[in-house]
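Participant: Okay, predicted coordinates and the sequence, questions at the end:
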Amino acid sequence: GQNIDQPTEMTATEGAIVQINCTYQTSGFNGLFWYQQHAGEAPTFLSYNVLDGLEEKGRFSSFLSRSKGYSYLLLKELQMKDSASYLCAVRDNDYKLSFGAGTTVTVRA
Amino acid sequence: IAGITQAPTSQILAAGRRMTLRCTQDMRHNAMYWYRQDLGLGLRLIHYSNTAGTTGKGEVPDGYSVSRANTDDFPLTLASAVPSQTSVYFCASSEGDYNEQFFGPGTRLTVL
């Protein structure tokens, strides 16, 4: 099975940086995904890591350490529209995703 | 291009009734999935289909059934709804099971 942990809530100020951590204990690993979900909407794909290291995509970056079972999503230059839930998901060897409960980020002016 | 559509948007259902949630994608994706999302638990996989004609069980399949007669459609059926099936249901698809998943807008189901 999969055990995926991420903080429940985080609050940050507009223009700041926030780092959302995700730790996982899994029976198999075949990549880690981050999704963004605004309230009442569908999750949308943000990033994917399968090898150790940092993947950068504009204001968002994602990091993976497979040996530590650890990932983080870094959101820079926060904007009000970044207020959302961020979901960490691990893909197992059968290519199925297991999701964490999500981290709700609130951006304050 | 619509992507993935789900119907209905929301539904209130009496316990014991049969209900089918519809999901259609126009991206010609091979793989499709059904998840339920409950507060504090995140998304949990109910059933999946890697390609038309095949289906598999996810983490929480009991009380649900699916079929995949063609590439585009992946309906989810609750044979006899129970209150614990109150949830938001998301359908998703991916080009292959190795690719990122695209999610539909969801169906909010309440079973009384």
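Facilitator: Yep, it's here.
Participant: Helices along chain A, start to end?
Facilitator: For chain A, no helices are identified by DSSP state H.
Participant: per-residue confidence at B:Gly104?
Facilitator: At B:Gly104, the model reports a pLDDT of 97.
Participant: How about the contacts made by it?
Facilitator: A:Ala42, B:Gly3, B:Ile4, B:Thr5, B:Gln6, B:Cys23, B:Gln25, B:Phe90, B:Cys91, B:Ala92 (C-beta atoms under 8 Å, 6 or more residues apart in numbering or on different chains). Bear in mind the C-beta positions are built from the backbone N, C-alpha and C, glycine included.
Participant: for those, which one is nearest B:Pro83?
Facilitator: Within the contacts of B:Gly104, the smallest distance to B:Pro83 is 19.9 Å, found for B:Phe90 (C-beta to C-beta).
Participant: partners of the closest one in the sheet?
Facilitator: B:Tyr35 (DSSP bridges).
Participant: now swap in A:Ser47 and tell me
Facilitator: A:Trp34.
Participant: What count of nearby residues applies to B:Pro83?
Facilitator: 10 (other C-beta atoms under 10 Å in any protein chain shown).
Participant: Mind listing the residues bridging to the residue nearest to it when sequence neighbours are not counted?
Facilitator: Nearest-residue entry for B:Pro83: B:Val111, 4.9 Å, with adjacent residues in sequence omitted and distances by C-beta to C-beta, 6 or more residues apart in numbering or on different chains. Beta bridges link B:Val111 to B:Leu13 when assigned by DSSP bridges.
Participant: hang on, isn't B:Val111 packed against B:Val82?
Facilitator: Yes - assessed by C-beta atoms under 8 Å, B:Val111 is found in contact with B:Val82 at 6.2 Å.
Participant: Just give me the least confident of the contacts of B:Gly104.
Facilitator: pLDDT across these is lowest for B:Gly3, at 93.
Participant: quick one on the thing from earlier: could you pick out which of the contacts of B:Gly104 are located in strands?
Facilitator: B:Ile4, B:Thr5, B:Gln6, B:Cys23, B:Gln25, B:Phe90, B:Cys91, B:Ala92 (DSSP state E).
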